[in-house]
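# pasted the sequence and its predicted model underneath.
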2 protein chains.
Amino acid sequence: MSTLFVRTLREDPADAEVPSHRLLVRAGYVRRAAPGIYSWLPLGLRVVRRIENIIREEMDAMGAQELLFPALLPKEPYDASGRWTSYGDGIFRLKDRKGNDLLLGPTHEEMFTLAVKDMYSSYKDLPVLLYQIQTKYRDEPRPRAGVLRGREFVMKDAYSFDVDDAGLEVSYQAFRDAYVRIFDRLGFDYVIVKAHSGAMGGSASEEFLAKAAVGEDTYVHCTTCDYAANVEAVTVSPPAAVAYDGLPAAHVEETPDTPTIETLVDHANAAHPRTDGRDWRASDTLKNIVFSVRYPDGRSEAIAFGVPGDRDVDVARVEAFLGEGAVFEPYSEEEFAAQPSLAKGYIGPGALGADEPAGIRYLLDPRVAEGTAWVTGADEPGRHVFDLVAGRDFTGDGVVEVADVRDGDPCPVDGDEGGVLVSARGIEMGHIFALGRLYAEALGLQVLDENGKLVTVTMGSYGIGPTRAVAAIAENTLDDLGLCWPRNVAPADIHVVATGKDEAVFAAAEELVRELHAAGVEVLYDDRPKVSPGVKFKDAELIGVPTIVTVGRGLAEGVVELRDRASDERSQVPVAEAAAHLVSLVLR
Amino acid sequence: MSTLFVRTLREDPADAEVPSHRLLVRAGYVRRAAPGIYSWLPLGLRVVRRIENIIREEMDAMGAQELLFPALLPKEPYDASGRWTSYGDGIFRLKDRKGNDLLLGPTHEEMFTLAVKDMYSSYKDLPVLLYQIQTKYRDEPRPRAGVLRGREFVMKDAYSFDVDDAGLEVSYQAFRDAYVRIFDRLGFDYVIVKAHSGAMGGSASEEFLAKAAVGEDTYVHCTTCDYAANVEAVTVSPPAAVAYDGLPAAHVEETPDTPTIETLVDHANAAHPRTDGRDWRASDTLKNIVFSVRYPDGRSEAIAFGVPGDRDVDVARVEAFLGEGAVFEPYSEEEFAAQPSLAKGYIGPGALGADEPAGIRYLLDPRVAEGTAWVTGADEPGRHVFDLVAGRDFTGDGVVEVADVRDGDPCPVDGDEGGVLVSARGIEMGHIFALGRLYAEALGLQVLDENGKLVTVTMGSYGIGPTRAVAAIAENTLDDLGLCWPRNVAPADIHVVATGKDEAVFAAAEELVRELHAAGVEVLYDDRPKVSPGVKFKDAELIGVPTIVTVGRGLAEGVVELRDRASDERSQVPVAEAAAHLVSLVLR
């Protein structure tokens, strides 16, 4: 500690939004170089490297092969895949001295695909599993939370290449198993959730999240089964279509001054009571919300989402539905004014749909199932239509999952048996994704199959961010005193603190450090001669090495004190046995 | 080899200029992604990693601490040092979505300096030795020779920070020693040469070069002492000033049609013979060459170099003198026309110098020492001045080392005893440099000294490029058959080739591979069942693992064949002893 390039800070950095960021800066793990861009000091780099090594060992063990693509990339492959455009402002673009377009790679699907195309041509060459651990770049609109969402970050990105879907399924499962081993070895509390497959298409998609209250991802899990999903990926089990024979015909009613669901329900209960005796509820109404959408490739359109009136449209779910880079906002007054067929506050299915005059694509929540009856706008101010039956009186242009998900919603798997969803927050650390043929098609990656016929290769993509993992694990494990690392990723195995001014103490501490080093144990040794024990202990707590050994006053009685950083359990060990005891603790 | 992500090529790539580039592509080590930007395939990445590990071990052993700065950097520190401008087109600049200026770091002096400023404040904290192994970017005007001069490349850059010059000297020597250990371990033929300190100032500066005929660096070494220097750094031992009492007075002579040194010497020997009996030689004349120079910060000036007429001005030495990014060319007809005091072909010291009407800075070769007499232009067409004595009749504005260095020139160290210089070519792989206070001053890095006084810290910088090292070592060691790696950097320790179709052969080869793996030996195993022995041997020669073991026909007699790739020595070893023999070969 007397020579280590580190300075701990007593004060929180002004720009730190989350606890892990505050502590990683205060404990001297990272320093900010620019917004979303960080320097890794020696302690922080050791954690990154230990995480990378665990990932590398498991990748190598499963037969994935490591290579390394450049970060600075030519435009052409990203043009072919469409991502040069679709990424919008999310990537860093630049020109070289000759005016050629370049970008800083956000992920490397294109480069891996082209490498396989360059090298392989037969089904006999497949499957091949490739990975790299490499620095990536995204121009985040709001870089936040330190290294949790940086603009420069390290990623392990891996890809599988298979000749058919069955092969992809095997590769996907092999990577999933390796990820479980990696996350188990990292030694913290994580959850695997179903994820949205996104605009990329593809099938299976799962995220590995660190549980953390400050996480940007909301996920839900079932109270009774093992279902867990990112909120963007939750699907509603649609009610079965019901027969609508015998339902009353739709009828328009005067509903003056009812532009909101609340005013509509109140008015309906007062003026148009239900015949079955119960009150009208917000969930009996159909709310239609129009958004104007601009896609990163320049296209734009208006979309109306029809959702039950008791639910809001969830922005994150809309984002997932529209795909990366799309910008959307509710229809403006000007846009309403330009579409006389839309009566703001009273918009109904009658005015919506690609075929109607306004030409607005109309997408319905799965709960608006065939045979369900709704109260909804009649497309005239002050009027609503009652008993409007889906499938009989109206249809949409498609189904959409954008209504919000709530604690208590039925589980899509065992909701019938009473399973309900509850939400929690997490930090995305890994993502595995059966990507399919999107990139292989865009870049022409085909091989000859057993019958000598050209087939397009199918791919999976598998990512973990080691630098983000540092912050996510920190966030998941920290406590009031500071960082609190799992043993496998800590910057050192043992933190030895020598206290006082007694030369015998320092001599004993140094001997212990020597023995530990000789046994292959990584030690952080606080040898600072003029620093008080209180400051040394505070630093040790802040830095968060899992075992703290104090060599101090106890030495007179021949003992040193061991403290478990996480549990705060303390014990005394005879100094002569300390090294052996610690080695067995670390290497068990 | 049946699953390794590699394909060897029989044909040379069209764009490859040097043998190492051809072979690294053909053997499947690298692939070009864009001009000067390469992907590292598994074989290539293994070589990079082995080189990096040797460097890391020696850095750690000498007490240097590893950290990691971003590659994407804010403009401000590079503005403060002046390098944002002085790098000219040599760096990649870009803007983020908010319009902020960023660059891709070419080297990280600024970031290291600011990190030390951020963390340290006292002489007690120094010295500190810091390093990183990190990806760097330079927008080379002519990226060439594959990974030898790439636009994206990996660098180990290290810096020392000391409170005074004596400390810097110790740090410099410690890094020099570590570099010698690194280069010795890399196991190829290198040379340490004095280097030009450049526009940065600084004092000691040495380069570690791989000897290679295709190298971009020309260096000279003495035939009798251990002097060796990059040609930019060679200094001429100036002749001692001689007394000029009694020399004849300068006199202008008619020398019609003598615009070149050759015509002048011929005319002088015919019309104005020397009185001492010997002929006039080109080395008796003083040639003055005017350049117009534009600096990267926008300044421009004209400079005249006065050199003995038998020597050319060496462009590389002019570049080194002017500093990175300066652009220069000989005076144009238009520029001469605009300066009537300059008579092209007959320019003499009389018209040159900052104080003369043309205002041209006039710098003289050290051989133009005080008391030496010259024949040179009289600043009128068709006239030269004879017996013009330096120090008596003219002086320059300074001394410059830009005249070419030639085989046979006297060694600056022991030229008096007959030591002469001979030239050779090499590839710069490492550079150590006592940088001084330039960056610390620009960025305000000061610490309190023992007396409580603020002093500016002095720095050294120490770089090695691991990715360039791959090509440089390849270039230094390759032969007609292919790559030929030193043992410590080869992508594998042993290349096992199983030949034929006999199942017993493959079983024996696999058993050998298993035993070698178990002993910690890295093996490349050619298990391809349908590939001919000839193709397998060609691939093994091309890939260049230092020891090739053939398990094939000899197995019937119980032996395998060992072949040393470099010497082509072959021997037979009983199959039962093969593993132990190979382990002792590799791990000795």
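Arrived safely, thanks for sending. Please read all numbers here as calculations on a predicted model, not as lab measurements.
# starting at the chain centroid, how far to stretch A:515-533?
38 Å (C-alpha atoms, centre = their mean, to the nearest Å).
# what comes up buried for it?
For stretch A:515-533, a neighbour-count test (16 or more other C-beta atoms under 10 Å in any protein chain shown) marks A:E515, A:L516, A:V521, A:V523, A:L524, A:Y525, A:D526, A:D527, A:R528 as buried. Quick note: C-beta positions are derived from backbone N, CA and C, even for glycine.
# and the helix or strand where A:D387 lies, which residues are buried?
Remark: A:D387 resides in strand A:383-389, with elements defined by DSSP states H and E. For strand A:383-389, a neighbour-count test (16+ other C-beta under 10 Å) marks A:R383, A:H384, A:V385, A:F386, A:D387, A:L388, A:V389 as buried.
# secondary structure class for the residue in the stretch 451-588 of chain A positioned nearest to chain B?
Nearest to chain B, among the residues of the stretch 451-588 of chain A, is A:T467, at 9.5 Å (C-beta to the nearest C-beta). Here A:T467 is recorded as helix under DSSP: H, G, I helix; E, B strand; the rest coil.
# residues contacting it?
By C-beta atoms under 8 Å, 6 or more residues apart in numbering or on different chains, the contact set of A:T467 is A:Y38, A:W40, A:V48, A:V147, A:G150, A:F153, A:V154.
# out of the residues you listed, which comes closest to A:D79?
A:D79 lies nearest to A:F153 out of the contacts of A:T467, by C-beta to C-beta, at 24.4 Å.
# next, count neighbours for that closest one.
Here the number of neighbours of A:F153 (other C-beta atoms under 10 Å in any protein chain shown) works out to 21.
# now do the contacts for it.
By C-beta under 8 Å, 6+ apart, A:F153 lies in contact with A:T135, A:K136, A:R138, A:V147, A:G465, A:T467, A:R468.
# go ahead and confirm A:L516 touches A:A580.
No. A:L516 lies out of contact with A:A580 (C-beta atoms under 8 Å); the separation is 10.1 Å.
# returning to that earlier point: distance of the residue of the stretch 451-588 of chain A closest to chain B relative to B:E207?
Separation of A:T467 from B:E207 (C-beta to C-beta, to the nearest Å) stands at 34 Å.
# cool, A:T258 as well?
Plainly put, A:T258 is 83 Å away from B:E207 if you go by C-beta to C-beta.
# who has more neighbours out of those two?
B:E207 (27 against 23).
# that one in helix, strand or coil?
strand.
# so who does it touch?
B:I192, B:V193, B:K194, B:A195, B:D217, B:Y219, B:N230, B:E428, B:G430, B:H431.
# now do stretch A:314-327: distance from first to last residue.
The straight-line separation of the ends of stretch A:314-327 (C-alpha to C-alpha, to the nearest Å) is 14 Å.
# now that stretch, how far from the centre of its chain.
14 Å.
# is it in proximity to chain B?
No. With C-beta under 8 Å from any C-beta of the partner chain as the criterion, chain B is not reached by stretch A:314-327; the gap is at least 12.0 Å.
# in that stretch, what counts as buried?
By 16+ other C-beta under 10 Å, the buried positions in stretch A:314-327 come out as A:D314, A:A316, A:R317, A:V318, A:E319, A:A320, A:F321, A:L322, A:E324, A:G325, A:A326.
# stretch A:127-143 too?
Within stretch A:127-143, the residues that qualify as buried are A:127-140, A:143, counting by 16+ other C-beta under 10 Å.
# can you flag which of the buried residues of stretch A:314-327 belong to strands?
Within the buried residues of stretch A:314-327, no residue falls in strands by DSSP state E.
# neighbours around A:S122, how many?
By other C-beta under 10 Å, neighbour count at A:S122 equals 12.
# same deal with A:V559?
Neighbour count for A:V559, taken as other C-beta under 10 Å: 19.
# got it, and the one 10 residues further on?
A count of nearby residues for A:E569, using other C-beta under 10 Å, gives 9.
# ok, what's across the strand from the closest residue in space to it that isn't next to it in sequence?
Distances taken as C-beta to C-beta, 6 or more residues apart in numbering or on different chains put A:R563 closest to A:E569, at 7.3 Å, once the chain neighbours are dropped. Beta bridges link A:R563 to A:I548, A:R570, judged by DSSP bridges.
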